[in-house]
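In: Quick one: sequence and predicted model below, then my questions.
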Amino acid sequence: MTGETPKAAPRTPREGEEHPLSLVLFAPLRSAQTPILWGLVIAAIAVAAAGFFVKPGYYFPLESIPVIYGVVGAAAVAITILLSIPLARLLGRPETFYEDSNKTAQQQDEAKAGEATPDA
Amino acid sequence: MIDFTSLIVAPPELTRHAAALLVLGPLVASCAAALSPNGRWAWIISFLASAFSFWMALALTGEVAREGVIVYAMGGFEPPYGISFRIDWLGAMFALLLSSMAMIAAAYSGYSLNAEILEGKRTLFQAGFLLCLAGLLGMTSTGDAFNAFVFLEISSIGTYALIGVGASRDRRALPAAFNYLILGTVGATFYVIGVGFLYAAAGTLNMADLASRLPALEESRAAEAGFAFIMVGLGLKAAMFPLHGWLPSAYAHAPSLMNVFLSATATKAAVYLMVRFAFDVFPPDSIIVERFMIWVMAPLAGVAAIVCSTQAIFQTELRRILAFSSVAQVGYMMLAIAVASGAGIAAGLLHLTAHALMKAALFMAIGGVTLSVTGLRLSDFNGAGRTAPWTMTPFAIASFSLLGVPLTMGFLTKWRLIEAMLGDAYYWAVAVIAISSILSLFYVGRMLEVLFFQPAQTGKNRIREAPLGALIPLWVLTVATIWFGIDGRMVEYIADSAATAVLGGVE
Amino acid sequence: MLETAASLVSTTNPGLVLMAAGIIMVFMRGFAPRAAVLVGGPVLALATLLSSGAWGVDLATFDAFGLTLSLYRIDSLSFIFGLAFIIAAAIGGIYSLHREDGVQDGTGMLYAGAAIAAIFAGDLITLFIFWELTAITSVVLIWARRTPRAYAAGLRYLIIQMTSGLLLIAGAALYHNATGLIVFSEMGAVGELPVVSAIDIAEPGAWLMLIAFGVKAAFPLAHSWLQDAYPNSTETGTVILSAFTTKLAIYALARGFAGLDLLIWVGAIMAVFPVFFALLGNDLRRVLSYALISQMGIMVCAVGVGGELGVNGAAAHAFASTIYMALLFMSMGAVMLRTGTTKASEIGGLHRTMPYTTLFAIIGGATIASVPLTSGFAAKSLTMSAVGYDGQMWVWLALLFAAAAAVAHTTIKVPLSAFFGEDRGRRPEEAPFNMLLAMGIAAVFCIGIGVTPRWLYELLPYRDTALDYLNHDLWTPTHLVTQFQLLVFGALAFVLLRRYALYPETTPGMLIDSEWAWRRAAPSIAGALGAALMSFERAFARTARQVGGRIKEHLVQTFAPARGVSRRVPLSSTAIWSAFLLAAVLLIALI
């Protein structure tokens, strides 16, 4: 590993051993995928409903559309995630992409092509 | 602001003859050193003689501040018949620089020679060192063009011998010295041919007389040919690109003391003569000078700054890296001088001073660990900064100065260089300095990485600190580099005065 | 005597105090002395700052280069940045206590000191000097990782940072030539408002300075040094690096170019494009580096809008983000220390044994997402309002987009990948106490500012505007409800997409970014060109050899008896060159 690792290796807790604070705070969340989803749905309905009881924002006319902030928030996350899938295809490279500087660029691209279609 | 007119350090009788004593001191001491019983005595003589020269240089500086130009007639024969010494601010600046660097180098030589030179040769080595110093000081203070040739040869002969002595550490010192001998002789011959042309055209060898007669000979072919020969000859001596072939080997294989002294002084004295001839002896606005500066010197200097910095990156030996860096730095100076306004010359002279300080410190630090470093390659110095921090910290500071890091003298001078070039709208020259600075980042980074970040060598190969005798002069240089980086007014004043003196012509 | 000492203290740039402490730090050994200097240095710097004399005057000047340099000058803009830096230095110091490494601790403090000194520089030359010092000192923090990869990344970082400095000094020189001005933070009488937009973009050199600031601020296409260098530093180095360089650039931009319209668009692009890279990143410290760039974009946007609200927004956001980005990097540093990696594909489920670190990461994540009652909410709202009042709808939407995307790429993704998610069987010990303490202090700042933003607002450059905003805009029901809408719907979208397997699980590997242009494309082109040149040169050399062969052989015989030894010494070529040069000079002389 790196040069600055402390000499005495940290004590590794035994398998299954867990920090008491973790048991209190996080353990209940572990198997709660569906409750979290429903909690979020209820919270979303609540804040969307609350939007009708407050004055709309005053910077842009756009803000008078109901739940526009919620739409922007959901759209932003959805766009980020969905766009990143093709982006990962386009820009993804192996970890050592730049490191093999001894090889020429062409050799590397060949190597990459070789990886992509392993002659099994 | 800064007043040198009240600088009186010696009694009036001595001050009156200071110009002659400046050169005679080391010359006489050279004989004494040759005859002294052992190396220790020779060292003491050498140090005292160079300290004496420094003292005389200080006395001269005060005198120049009061009188402007000092003309000292040798043996009472007035010029133009006799040989005269003629010292203005430019001469005083070089006298100060050369003698102070010599004093520091002499202090260092006590340790350095013990480490590298056989006991039997040390007295002669010191004699050669003093001879070389006398020659360099003579070159920068004489007022006679032919006399300058004589001093040039005196200093060169000393140098050839002293480089060759390095053969006990590195066999390649012999061919290096031989090369330098051949090329140095070629340069000196060119110079003397040029002086011959001038004599044929103007009928005098005295620089002040030449300066008054040459403007009338504007169209003289002989004077122009003379100029060409002199500039190329001196360019060879000053390692002007592409005439620098002798320098890397001469620096790399010479004994440490000569690394320090040569890098700080030898090429500088040749630069002095170039400035003297181009701007003082020849009228600076004459066509030939202008064309030479713009079409030859500036482009070559620019190429030097970039090509030699690149070459330095690819060197494998530490001393060779520094040697190529020196050629690049000479390029900076010449580039500034070729800009040829007062600010350009002042900036060039200032950079020359800064470079003398930092290169001397760099070579001194390397020489300091030479007892415990077996090889010459960069990798032989792995981790030196870890086991010898007192020796290598100055190396790091000096290389920061080389890069032009703020708070070091290198920053001050690089700033002045760029300011001078911007002032005359030489934007390409600024770009050259910028590119070369980035290139120098690579080789300096490489050196510092090896010295400070590689694991230190242990056991038999452990690199040990230099002894106190080497550390004191080394730290003096380092403190000076930082001091002038923070408050450079004194050197700036001297350099500005020197530039004014040389452009003002002869009164 | 006492008065002399007091006046000396009140005229010393606090950065210099910290730098002196940094030099002492190099030689400190043992826990207690190191703790004393690491914490005492920032405390002393803070005391120096608070005891400073009047604002808006040169407290220390220095004559050099024929100019009067102003070494120390405070006004309300520099004060808040200086304060943020001192706090960050103290937190970084505490965070580094567990590991005795004099070089790293010392250069870390030198770096922080140089950044603080740059903040209080009154003129462009002084700014440049400390600007370069931050570059030189900070690279040591990257090299301190002591791996070849970190070394190479450090070199690249150094070259780019030094180039920024060169651009700055070149711009300053041109600007000085044209305008005769060198001052950077000149101000009227005491207590008046700070000077912003000090540099006129129409003057020569101004563009060079803008680019110089832009490189350090990680403008788009000039940003690759950040995500290249930061993840390659040590676990403590990244924390310290993340605090200073970029915020210094924001300060310089605000001081020099506030209100420059171009910056609005640069900022908007800068806020949006990194979110994709952050979402896809595998190395979580690289994810945070991109998140940092996105946050910087929001600040650049605020600077571009300018005006009292915009500058307030940039300053407040810089203050808050210095601390919450440090908190996030610290939590990842703790993971790095305990597991040796921060790659999402190699860790997961760490909350079982590192619950405190988990909690702090969640607090940091909540802050970057501007959850109300965190400092992010108090700070980012100013910028959003500034853009809103300016009427730039598309920019405003872009910033909303970036803010909501932060929920995905940092608030949820970082804790999910490191502390929850797939359990890879790692059971590392909780972070050492000093790390937890540092994270705790940062978390207290995050929450404290969020709950009582008044004290931060009172320190902002335009105090009255800030307090007015606090009283009338910050806590309105509309603002709170809309902010919660943004966050809750964003989180809901994330959870839903992940449930239907549309969320790209991170896999080992990396993403290429703009650095591809100079790390891959440029070398390839250069290689091709080089090959072409080589073949040309070979052909040329062949011809030249045939013609000059006999002459050269003769000269070599004449000049170099020891041919074998002196082959590397180009004696003959130098001699030929001198003849050639002589001919050239004669030629131009005799024309």
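Out: Yep, that arrived. Numbering: from 1, shown residues only, chains lettered A, B, ... in the order given.
In: mind checking how far B:Ala200 is from chain C?
Out: Between B:Ala200 and chain C the distance, using Cβ to the nearest Cβ, to the nearest Å, works out to 15 Å. Backbone N, C-alpha and C define where each C-beta goes, glycine included.
In: Pull the number of nearby residues for that residue.
Out: A count of nearby residues for B:Ala200, using other Cβ atoms under 10 Å in any protein chain shown, gives 13.
In: Residue of chain A nearest chain C, please.
Out: Distances from chain A to chain C, computed as Cβ to the nearest Cβ, single out A:Tyr59 as the nearest residue at 3.2 Å.
In: can you give me phi and psi for that residue?
Out: Dihedral pair for A:Tyr59: phi -80, psi -50, per degrees, to the nearest 10.
In: Tell me who's in contact with it.
Out: The contact partners of A:Tyr59, by Cβ atoms under 8 Å, 6 or more residues apart in numbering or on different chains, come to C:385, C:388-389, C:391, C:396.
In: Mind picking the two most distant members of these?
Out: Spatially, the most separated pair among the contacts of A:Tyr59 is C:Ser385 and C:Gly391, at 11.9 Å (Cβ to Cβ).
In: who has more neighbours, these two?
Out: Between C:Ser385 and C:Gly391, counting by other Cβ under 10 Å, C:Ser385 is the more crowded of the two (23 against 10).
In: Determine the three-state secondary structure at that one.
Out: Under DSSP: H, G, I helix; E, B strand; the rest coil, the three-state class of C:Ser385 is helix.
In: Please tell me how far the residue of the stretch 401-507 of chain B found nearest chain A sits from chain C.
Out: Residue of the stretch 401-507 of chain B nearest chain A, by Cβ to the nearest Cβ: B:Pro455 (9.8 Å). Relative to chain C, B:Pro455 is positioned 9 Å away (criterion: Cβ to the nearest Cβ).
In: So is the helix or strand hosting C:Lys247 next to chain B?
Out: In this structure, C:Lys247 sits in helix C:235-257 according to DSSP states H and E. No - applying Cβ under 8 Å from any Cβ of the partner chain, one finds helix C:235-257 separated from chain B by no less than 14.5 Å.
In: need the next SSE after that helix, C-terminal direction.
Out: Toward the C-terminus, helix C:235-257 is succeeded by helix C:261-272 as the next helix or strand (DSSP H and E).
In: Which positions within whichever helix or strand comes after that following helix qualify as buried?
Out: Read in the C-terminal direction, the helix or strand following helix C:261-272 is helix C:274-280, with elements assigned using DSSP H and E. For helix C:274-280, a neighbour-count test (16 or more other Cβ atoms under 10 Å in any protein chain shown) marks C:274-280 as buried.
In: what does the stretch 201-350 of chain C put close to chain A?
Out: Taking Cβ under 8 Å from any Cβ as the test, the list of the stretch 201-350 of chain C residues beside chain A reads C:234-235, C:275-276, C:279-280, C:338, C:340.
In: how much space between the closest residue to chain A within chain C and chain B?
Out: In chain C, no residue comes nearer to chain A than C:Gly388, which is 3.2 Å away by Cβ to the nearest Cβ. Distance, C:Gly388 to chain B, using Cβ to the nearest Cβ: 42 Å.
In: nearest spatial neighbour of that residue, skipping sequence neighbours?
Out: Counting by Cβ to Cβ, 6 or more residues apart in numbering or on different chains, C:Gly388 lies nearest to A:Tyr59, which is 3.2 Å off, once chain neighbours are set aside.
In: try B:Tyr199
Out: By the measure of Cβ to Cβ, 6+ apart, the closest residue to B:Tyr199 outside its immediate chain neighbours is B:Leu205, 5.8 Å from it.
In: Now that the one you found has come up, it's in contact with B:Ala145, right?
Out: Yes - with contact taken as Cβ atoms under 8 Å, B:Leu205 and B:Ala145 are classed as touching, separated by 4.9 Å.
In: average model confidence for the helix or strand where B:Ala356 lies?
Out: Using DSSP H and E, B:Ala356 maps to helix B:342-368. Model confidence over helix B:342-368 averages 90 on the pLDDT scale.
In: do stretch C:303-323 as well
Out: Rounded mean pLDDT across stretch C:303-323 is 94.
In: try stretch B:230-237
Out: Per-residue pLDDT values across stretch B:230-237 average out to 90.
In: how about that stretch, does it reach chain C?
Out: Yes - judged by Cβ under 8 Å from any Cβ, stretch B:230-237 and chain C are in contact via B:231-232, B:235-236.
In: re the thing from before, buried ones in the helix holding B:Ala356?
Out: Neighbour count says helix B:342-368 has B:342-368 buried, by 16+ other Cβ under 10 Å.
In: Could you tell me how many residues sit around whatever residue of the stretch 201-350 of chain C ends up closest to chain B?
Out: Minimum separation of the stretch 201-350 of chain C from chain B (Cβ to the nearest Cβ) falls at C:Gly205, amounting to 9.9 Å. As a burial measure, C:Gly205 scores 23 neighbours (other Cβ under 10 Å).
In: same thing with C:Ala369?
Out: When neighbours are counted by other Cβ under 10 Å, C:Ala369 registers 25.
In: residues touching the closest residue to it other than its chain neighbours, list them.
Out: Leaving aside its sequence neighbours, C:Ala369 sits nearest to C:Thr411 (Cβ to Cβ, 6+ apart; 4.3 Å). For C:Thr411, the contact set (Cβ under 8 Å, 6+ apart) comprises C:365-366, C:368-369, C:491.
In: before we move on, the earlier item: what about the helix holding B:Ala356 and chain C, any contact?
Out: No - shown here: helix B:342-368 not in contact with chain C (Cβ under 8 Å from any Cβ), separated by at least 11.0 Å.
In: If we ignore the residues flanking it in sequence, what's nearest the residue of the stretch 401-507 of chain B closest to chain A?
Out: Taking Cβ to Cβ, 6+ apart, and ignoring the residues beside it in sequence, B:Pro455 has B:Gly383 as its nearest neighbour in space, at 5.5 Å.
In: Torsion angles phi and psi at that neighbour?
Out: Summarising the backbone geometry of B:Gly383 under the convention degrees, to the nearest 10, its torsions are phi 70, psi 20.
In: I figured it hits B:Arg462, correct?
Out: No - here B:Gly383 does not reach B:Arg462: they are 9.2 Å apart, not a contact under Cβ under 8 Å.
In: right, is the longest helix seen in chain A up against chain C?
Out: Among all segments of chain A classified by DSSP state H, the helix with the greatest residue count is helix A:68-91. Yes - Helix A:68-91 comes into contact with chain C (Cβ under 8 Å from any Cβ), by way of A:69-85, A:87-88, A:91.
In: Okay, now the unreliable bits of chain A?
Out: Of all residues in chain A, those with pLDDT under 70 make up the ranges A:1-16, A:99-120.
In: Return the per-residue confidence for C:Gly349.
Out: Reading off the per-residue confidence, C:Gly349 sits at a pLDDT of 86.
In: secondary structure class for the closest residue to it other than its chain neighbours?
Out: Closest residue to C:Gly349 apart from its sequence neighbours, by Cβ to Cβ, 6+ apart: C:Asp423 at 3.3 Å. Under the three-state scheme (three-state DSSP), the conformation of C:Asp423 reads as coil.
In: how about C:Asp423, what does it touch?
Out: Residues in contact with C:Asp423 (Cβ under 8 Å, 6+ apart) are C:348-349, C:352.
In: about what we covered before: distance from the helix holding B:Ala356 to the middle of the chain?
Out: Centroid displacement of helix B:342-368 relative to its chain, using Cα atoms, centre = their mean, to the nearest Å, is 8 Å.
In: And the contacts of whichever helix or strand comes after it?
Out: Towards the C-terminus, the helix or strand next in line after helix B:342-368, according to DSSP H and E, is helix B:384-387. Judged by Cβ under 8 Å, 6+ apart, the contacts made with helix B:384-387 from elsewhere in the structure are B:369, B:373, B:391-393, B:395-396, B:448, B:451-452, B:455-457, B:462-465.
In: Narrow those to those that are buried.
Out: The buried subset of those - by 16+ other Cβ under 10 Å - is B:369, B:373, B:391-393, B:395-396, B:448, B:451-452, B:456-457, B:463, B:465.
In: list the helices and strands the helix holding C:Lys247 packs on?
Out: Using 3 or more Cβ pairs under 8 Å, 6 or more residues apart in numbering or on different chains; DSSP states H and E as the contact criterion, the neighbours of helix C:235-257 among helices and strands are helix C:76-95, helix C:102-119, helix C:124-143, helix C:206-216, helix C:284-305, helix C:307-339.
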